[in-house]
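> Just need the structure, nothing else, for what follows:
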Amino acid sequence: QVQLVESGGASVQVGGSLRLSCTIPDTPNRRDTMGWYRQPPGKQRNLVAFHIKSSNSAHYPDSSLKGRITISRDTADAQETLYLQMQSVEPEDAGVYYCNWVPPVGPWGQGTQVTVVS
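Purely as a prediction, here's the structure:
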């Protein structure tokens with residue numbers, strides 16, 4: 001099974017910045033569109049950003065984060081890396097962040113925790 005590994009989560013102050021990373025294994029199941037999902041405490045997991053490799057385009061379906069996050073994807077190596085740069089962090093950005101294909105495929109990774117403190 002493909003193992004997605006997220007990292008970079010931390011406790012960050014309001015207004016601070018953070019960069020999340022996701023290691024994407026070299027697998028035949030790898031797809032064109034990869035995304036970041038956020039699960040706030042007690043809520044459902046939702047897609048907040050996705051990247052389309054073939055067009056090298058970024059998309060942000062969650063309007064609450066738009067303008068404060070940037071998704072990017074390093075495809076230089078066989079093992080790709082997906083990033084989520086977060087800036088001007090707000091309390092509502094807190095949660096566990098996961099990466100997966102869009103739509104999701106296979107098991108979810110453990111995610112990476114983002115905690116926002118004032």
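> from here on, contacts and neighbour counts on C-alpha atoms
OK.
> Low-confidence stretches in the protein?
In the prediction, the chain carries residues with pLDDT under 70 at positions 1, 29.
> how about the strands of it, start to end?
Here the chain has its strands, by DSSP state E, at 5-7, 11-13, 18-24, 33-39, 46-52, 57-59, 69-74, 80-86, 95-101, 112-117.
> partner residues bridging A49?
W36 (DSSP bridges).
> Now for it: which residues touch it?
35-37, 58-62, 71 (C-alpha atoms under 8 Å, 6 or more residues apart in numbering).
> gap between the residue nearest the centre of the chain and A10?
Centroid-nearest residue in the chain: W36, 2.8 Å away (criterion: C-alpha atoms, centre = their mean). W36 sits 16 Å away from A10, taking C-alpha to C-alpha, to the nearest Å as the criterion.
> got a list of what the closest residue to R38 other than its chain neighbours touches?
Counting by C-alpha to C-alpha, 6 or more residues apart in numbering, R38 lies nearest to Y97, which is 4.5 Å off, once chain neighbours are set aside. Neighbour list for Y97: 6, 9, 36-39, 111-114 [criterion: C-alpha under 8 Å, 6+ apart].
> what about 10 Å?
6-9, 20-22, 36-40, 45-48, 84, 109-114 (C-alpha atoms under 10 Å, 6 or more residues apart in numbering).
> ditto for L47
Counting by C-alpha under 10 Å, 6+ apart, L47 has contacts 35-39, 60-62, 97-100, 102-104.
> What is the burial count for the nearest residue to D62 once chain neighbours are set aside?
Leaving aside its sequence neighbours, D62 sits nearest to V48 (C-alpha to C-alpha, 6+ apart; 5.0 Å). When neighbours are counted by other C-alpha atoms under 10 Å, V48 registers 22.
> V48 and L65 touch, don't they?
Yes: V48 lies in contact with L65 (C-alpha atoms under 10 Å); the separation is 7.4 Å.
> Check the spacing between the residue nearest to F50 when sequence neighbours are not counted and V14 real quick.
In space, and not counting its chain neighbours, F50 is closest to G35: 3.9 Å by C-alpha to C-alpha, 6+ apart. Separation of G35 from V14 (C-alpha to C-alpha) stands at 24 Å.
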